[in-house]
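Q: missing the sequence, but the structure's below:
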């Protein structure tokens, strides 16, 4: 009788162990379950969180700039751009037909800065300090930014591939800015706020130092230090003041 009872207990214990094992297989530990649920929530959040097309395009272009700068245009694949942007390859193709399209869009975005838009260039009195602020301030800062320098390097390296973009840069950036700065300078001269002369008659001369400092950053193996750039910027501001300030009466 005792033997039968022990056998029954052993059988029950075995059944319980099998049931526990079965439950473990069916129901992961609480910690693992929470992790899986967290991953599922994150996945759902990513799928449901649709960014505006403009934001997504800028993410792709930022990733493309990093990849092109690191690998060069030829060696970079759409897969590389997608991975850096945190997208699938199809996510890139949603906005761009191919790598050339990405490259063109990147140059178009970065070679047409808006730091001297029509409103800011023509608004308010054209004083010396206002010209200094625009040229030695906003435009100078843009010209030495990492994105501007990296983009100009790309443009130089790939200029034979996209000669139309070189001409676009000349039209949209150089000519447009020379025209706007020229309008501002003429206004200052007409209002008696700026000195007339070769500088105000040839605004490209006033912008040339900006192109010079940008090109120096492009061709240097070791970019200029912040201190060096700050000194150059101060010298440029001083040059503008000396060229544009009205002569002291006396």
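A: Nice, I can see it. In this text, all values refer to a predicted model and were calculated from it rather than measured experimentally.
Q: Ranking helices and strands of this structure by mean pLDDT, which lands last?
A: Here the helix or strand of the chain ranked lowest by mean pLDDT, DSSP states H and E is helix 30-48, holding a mean of 40.
Q: I'd like to know how far the closest residue to residue 110 other than its chain neighbours sits from residue 204.
A: Nearest non-adjacent residue to residue 110, counting by Cβ to Cβ, 6 or more residues apart in numbering: residue 151, 4.0 Å away. Where you see a C-beta, it was placed from the backbone N, CA and C, and this is true even at glycine. Distance, residue 151 to residue 204, by Cβ to Cβ, to the nearest Å: 21 Å.
Q: cool, residue 140 as well?
A: 16 Å.
Q: of these two, who's got more company?
A: Using other Cβ atoms under 10 Å as the criterion, residue 140 and residue 204 rank with residue 140 on top: 22 against 13.
Q: hmm, back to that, what's the neighbour count on the residue nearest to residue 110?
A: Other residues within reach of residue 151, judged by other Cβ under 10 Å, total 21.
Q: and if you look at residue 124?
A: 9.
Q: isn't it right next to residue 133, touching?
A: No: using Cβ atoms under 8 Å, residue 124 makes no contact with residue 133, being 10.8 Å away.
Q: before we move on, back to that, list the contacts for the residue nearest to residue 110?
A: By Cβ atoms under 8 Å, 6 or more residues apart in numbering, residue 151 lies in contact with 65, 106, 107, 110, 111.
Q: next one: phi and psi at residue 193?
A: Note on residue 193: its backbone torsions stand at phi -100, psi -20 [degrees, to the nearest 10].
Q: Verify the contact between it and residue 126 for me.
A: Yes: look at residue 193 against residue 126 with Cβ under 8 Å: they come within range, at 5.7 Å.
Q: Point out where this structure drops to low pLDDT.
A: The chain contains residues with pLDDT under 70 at 1-49, 111-122, 169, 172-173, 249-250.
Q: go again using 50 as the cut-off
A: Where the chain drops to pLDDT under 50, the residues are 1-10, 12, 17-33, 35-48.
Q: Kindly state the domain boundaries assigned to this protein.
A: Annotated domains of the chain cover 1-49, 50-110, 118-244 [automatic domain parsing].
Q: Provide a list of residues in contact with the spatially most central residue of the chain.
A: What sits nearest the mean C-alpha location of the chain, by Cα atoms, centre = their mean, is residue 62, with 4.9 Å. Going by Cβ under 8 Å, 6+ apart, residue 62 touches residue 85.
Q: so which strand or helix has it?
A: Using DSSP states H and E, residue 62 sits in helix 53-71.
Q: continuing past that helix, what's the next helix or strand?
A: helix 78-85.
Q: For that next one, give me every contacting residue.
A: So helix 78-85 is contacted by 59-60, 62-64, 66-67, 71, 88-89, 91-93, 98-99, 102 (Cβ under 8 Å, 6+ apart).
Q: Put the buried members of the residues you listed into a PyMOL selection.
A: Selecting only the buried entries of those in PyMOL, with 16 or more other Cβ atoms under 10 Å as the criterion:
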select buried, resi 59+60+62+63+64+66+67+92+99+102
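Q: if we can go back for a sec, and the residue nearest to residue 110, how close does it get to residue 218?
A: Applying Cβ to Cβ, the value for residue 151 to residue 218 is 10 Å.
Q: just residue 90 next, same as before
A: For residue 90 relative to residue 218 (Cβ to Cβ), the value is 35 Å.
Q: Of the two, which one has the most company?
A: Using other Cβ under 10 Å, the more surrounded residue of residue 90 and residue 218 is residue 218, with 16 against 9.
Q: which ones are touching that one?
A: By Cβ under 8 Å, 6+ apart, residue 218 lies in contact with 149, 152, 153, 156.
Q: go on, residue 93?
A: Residue 93 makes contact with residue 78 under the criterion Cβ under 8 Å, 6+ apart.
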